[in-house]
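1. pasting the sequence and the predicted model now:
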Amino acid sequence: MSSFKHSYIGFALSLVLISALTILVSCNSTGTRSDVNTDLNTNVRTFNADNEVDLAEYERLNLDDTHPNMLNPEQAKSNFDAVVKSWKNLHVEVNTYLNENNFRWEVQDSNIAVVDKIYFDRDGNIKAYFFKVLNPQVSYEKKEAFSELLSDFSKTASIDYLNLTGKSYAQCGKIKYWNY
């Protein structure tokens, strides 16, 4: 691999990290996780906001009623850095997974803005992944392909965050993925 491509990938990952940190602060329980989830989680639900069926099902489930935000003000003061680090790491993993699976957005935009809300079980495993791609040029078919990859990714991914509350939780953000 050429040094240009290494630099390009490093730059792209840095962009994802900076974007994730910036948006995490704008969205509304302690420690970090060191174990990696190797179990297959076949119950993951992925919801594309532009898919009417997905959106109706997402709204019906009322996941926000049972999944408080990770950055709950009552808990976030003591573990803000751990939450930010885990959130950034998760999105770097998503970006890497997309790239490893040769996913291309097939638009001219240099980056793709995505608003997401991820719902975790008490152990940090992804249970549901709601997203909306904000770039209007991205086709519905690409959004559905993105949804499929997110679903596959989420089957084994977990957030690197130790939740001492013993409860399910969620986190939202606006991420900019580099358009390779």
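-> That came through, no problem.
2. neighbours of the residue nearest to Tyr119 when sequence neighbours are not counted, how many?
-> Leaving aside its sequence neighbours, Tyr119 sits nearest to Ala128 (Cβ to Cβ, 6 or more residues apart in numbering; 4.0 Å). Where you see a C-beta, it was placed from the backbone N, CA and C, and this is true even at glycine. Neighbourhood size, Ala128 [other Cβ atoms under 10 Å]: 22.
3. Ala128 belongs to a strand, doesn't it?
-> Yes - counting by DSSP: H, G, I helix; E, B strand; the rest coil, Ala128 falls inside a strand.
4. I figured it was touching Asp54, is that so?
-> No - using Cβ atoms under 8 Å, Ala128 is not in contact with Asp54, being 10.7 Å away.
5. quick one: the strands in this protein?
-> Using DSSP state E, the strands of the chain run over residues 45-48, 111-120, 126-133, 169-178.
6. what touches both of Ala128 and Asp54?
-> Thr46, Phe47 (Cβ atoms under 8 Å, 6 or more residues apart in numbering).
7. now the angle from whichever helix in the chain runs longest to strand 111-120?
-> Criterion DSSP state H: the longest helix present in the chain is helix 73-100. On the basis of axes from the mean of the first three to the mean of the last three Cα atoms, to 10 degrees, helix 73-100 is oriented at 120 degrees to strand 111-120.
8. helix 73-100 - contacts with which helices or strands?
-> helix 3-26, helix 140-154, strand 169-178 (3 or more Cβ pairs under 8 Å, 6 or more residues apart in numbering; DSSP states H and E).
9. repeat that for 10 Å
-> In this structure, helix 73-100 packs against helix 3-26, strand 111-120, helix 140-154, strand 169-178, with contacts taken as 3 or more Cβ pairs under 10 Å, 6 or more residues apart in numbering; DSSP states H and E.
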